[in-house]
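J.: everything below, folded, please.
(one chain, ligands or ions: 2)
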Amino acid sequence: MGNIPLFIPKNIDKYFYNRDKDIKKINFYLNGLHEDISQQLLITGYRGVGKTFLIHKIIKDIDSNFLITYIDISLIYSENDGTINSTVLLTGILSKINQTLEEKNNNKFAKITSSIRNLITNIKLKKYDFNEITTILDIPIPHYEDDYTKISKFVMELPQKIVDKTGEIDGFIIILDEIQMLKQMKNSESFFWLIRSHNQFQTNVSYILTGSTSKTSEIIEMINGETGAFGGRMIQINIDPFTKEETHNYFKDRMPEIQFTENGFDRFYECTRGIPAYINSFYNVLSSDVIYDDKQIKNTFNTSIDQILVMWIKIWGTLNQYEKKIIITILENEESTWNTLYTKTEFSTSTINKYLNSLQNKGIVSYKNKLYVLEDQMIKAWLEHEKETRGFYAE
Ligand SMILES: Nc1ncnc2c1ncn2[C@@H]1O[C@H](COP(=O)(O)OP(=O)(O)OP(=O)(O)O)[C@@H](O)[C@H]1O
Ligand SMILES: [Mg+2]
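T.: Numbering: from 1, shown residues only. Ligands and ions are numbered 1, 2, ... in the order given. Have a look, this model is predicted:
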């Protein structure tokens, strides 16, 4: 049995496969920073397709003239006891920016980083009398408890100031991952406007936004829709599953011990649909002693479904009873119009709308041709398996 990690490993190059075109495209836009052209990127794609892994590969190989900060919003959320507000979010971003400066180990940053560290402590303690110092890099620092405007201005201006004040840095890249978590925040929309309003004057700061969300979700609309903060100006890059050929080459290069017959491989691809998260977890239950044909792939899938679809066990555990009921209702009905869902779930209009939105923001449900559908049929396979083996859907 194989042993490929199902999380982002430390040794990225050992496990990261291909994505050359996506990397080239993303770096093309980021390289504009050398010429004072900043582009903003919105990276979408199915759950488990490899957005986060790709981002980590980009970070690892980034040009040494760029500073790059990665922020996982779900982490800020969980470190703050499962709640989030603008001040917590901005402080989280600030502390990650500061970590980037510290890791650069450049003498020029030493004084700035220690001032920022003090500032963060004071914000957390709600102590805004910041010793007599009123600015860092000429940016005014907040002094009063309710001085949210100053905190936001400080955090938003800092990256461009760092580029301006230090000759050798050409650009600052800020990556926000798991942006769907921002929906937990009351004024999430104003946060995107905040980025946009500062960023439009910044020639050396690029933002990359990504997360586990459906392309049709409210949150994508809020960011880059017609009336959204970036109003279509963000460059949207969709990360596709591996093609059949890529999947084939991935096995040949990295897991050559696994043998398939032709229809065995076809079945394997049909099951995983080229989504690397499934390819890897499926690989982990395959054996080098077998030549897999269609039937054996099917059998292995059925007997190891819990391991192959482990991703869904985790996601399912984070959903509430309304969200679960909506998913099961979609699963049990051929054509899930809003009306079908409304009648079958017996939820109120506002409840059903609220949780349909949240499921779209989480990249689980999407809205196509006036029907609500599951983005990924694997959840269907997993739930049906649960029902078969336990007699009821997982709670
Ligand atoms: N290029 C790749 N090469 C090899 N394995 C990959 C690649 N991309 C993704 N994977 C595998 O898929 C798993 C899921 O990838 P990742 O966490 O990046 O997905 P994601 O698109 O960020 O998903 P989510 O929407 O749930 O956040 C990784 O842990 C890894 O096992
Ligand atoms: Mg991810």
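
J.: mind giving me the packing neighbours of the least confident helix or strand in the chain by mean pLDDT?
T.: Using mean pLDDT, DSSP states H and E, strand 139-140 stands out as the lowest-scoring helix or strand of the chain, at a mean of 74. Packing partners of strand 139-140 (3 or more Cβ pairs under 8 Å, 6 or more residues apart in numbering; DSSP states H and E): helix 148-165. Every residue, glycine included, has its C-beta placed from N, CA and C.

J.: what are the contacting residues of the least confident helix or strand of the chain?
T.: 134, 150, 153-154, 157-158, 161 (Cβ atoms under 8 Å, 6 or more residues apart in numbering).

J.: equivalent analysis for stretch 296-314, please.
T.: 6, 47-48, 260, 264, 267-268, 271, 277-278, 281-282, 284-286, 290, 292, 378-379, 381-382, 385, 394.

J.: relative to residue 39, how far out is the residue of the stretch 1-150 of the chain at minimum distance from ligand 2?
T.: With Cβ to the ion as the measure, residue 52 is the residue of the stretch 1-150 of the chain nearest to ligand 2, at 3.2 Å. Spatial separation of residue 52 from residue 39 under the definition Cβ to Cβ, to the nearest Å is 20 Å.

J.: and if you look at residue 374?
T.: 33 Å.

J.: what of residue 70?
T.: On the measure of Cβ to Cβ, residue 70 and residue 39 end up 18 Å apart.

J.: ok, how many other residues are close to the closest residue to ligand 2 within the stretch 201-350 of the chain?
T.: Closest residue of the stretch 201-350 of the chain to ligand 2, Cβ to the ion: residue 212 (5.8 Å). For residue 212, the neighbour count with other Cβ atoms under 10 Å is 23.

J.: so what's residue 323 closest to, chain neighbours aside?
T.: Of all residues not flanking residue 323 in the chain, residue 355 sits nearest, at 5.2 Å (Cβ to Cβ, 6 or more residues apart in numbering).

J.: one more: residue 91?
T.: Using Cβ to Cβ, 6+ apart, the nearest residue to residue 91 is residue 123, at 5.3 Å.

J.: rewinding a little: tabulate the contacts of strand 139-140 (CSV), appending distance to ligand 2, pLDDT and neighbour count.
T.: Below are those laid out as CSV (distance: Cβ to the ion, whole Å; pLDDT from 0 to 100; neighbours: other Cβ atoms under 10 Å):
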residue, distance to ligand 2, pLDDT, neighbour count
134, 40, 69, 10
150, 32, 82, 16
153, 30, 91, 17
154, 28, 92, 23
157, 28, 96, 19
158, 26, 96, 22
161, 30, 95, 18
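
J.: could you list the residues of the protein in contact with ligand 1?
T.: Counting by Cβ under 6 Å from any ligand atom, the chain comes close to ligand 1 at 6-8, 15-19, 45, 47-53, 212, 276-277, 280, 363.

J.: list buried residues within those residues.
T.: Neighbour-count burial (16 or more other Cβ atoms under 10 Å) is assigned, among the residues of the chain next to ligand 1, to 15-17, 19, 45, 47-53, 212, 276-277, 280, 363.

J.: list, one by one, the residues from this protein near ligand 2.
T.: The chain has residues 51-52 near ligand 2, with proximity defined as Cβ under 5 Å from the ion.

J.: can you list the domain ranges for the chain.
T.: Listed by automatic domain parsing, the domain ranges of the chain are 19-238, 244-308, 318-390.

J.: any buried residues in stretch 159-166, and which?
T.: Quick answer for stretch 159-166 (16+ other Cβ under 10 Å): 159-163, 166.

J.: tabulate the residues you listed (TSV), appending distance to residue 319.
T.: Putting these into TSV (distance: Cβ to Cβ, whole Å) gives the following:
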residue	distance to residue 319
159	36
160	40
161	42
162	40
163	42
166	45
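
J.: which among those residues gets closest to residue 181?
T.: Nearest to residue 181 out of the buried residues of stretch 159-166 is residue 159 (Cβ to Cβ; 21.6 Å).

J.: show me what contacts the residue nearest to the closest one when sequence neighbours are not counted?
T.: The shortest distance from residue 159 to any non-neighbouring residue, by Cβ to Cβ, 6+ apart, is to residue 172 (3.7 Å). Each residue near residue 172 by Cβ under 8 Å, 6+ apart is listed here: 33, 66-69, 159-160, 162-163, 204-206.

J.: cool, residue 283 as well?
T.: 2, 4, 251, 255, 258.

J.: nearest residue to the last one in space, please, no chain neighbours.
T.: Closest residue to residue 258 apart from its sequence neighbours, by Cβ to Cβ, 6+ apart: residue 286 at 5.2 Å.

J.: residue of the stretch 1-150 of the chain nearest ligand 1, please.
T.: residue 50 (2.5 Å; Cβ to the nearest ligand atom).

J.: does that residue touch residue 15 like I think?
T.: No: using Cβ atoms under 8 Å, residue 50 makes no contact with residue 15, being 10.8 Å away.

J.: excluding its backbone neighbours, what's nearest residue 243?
T.: residue 274 (6.3 Å).
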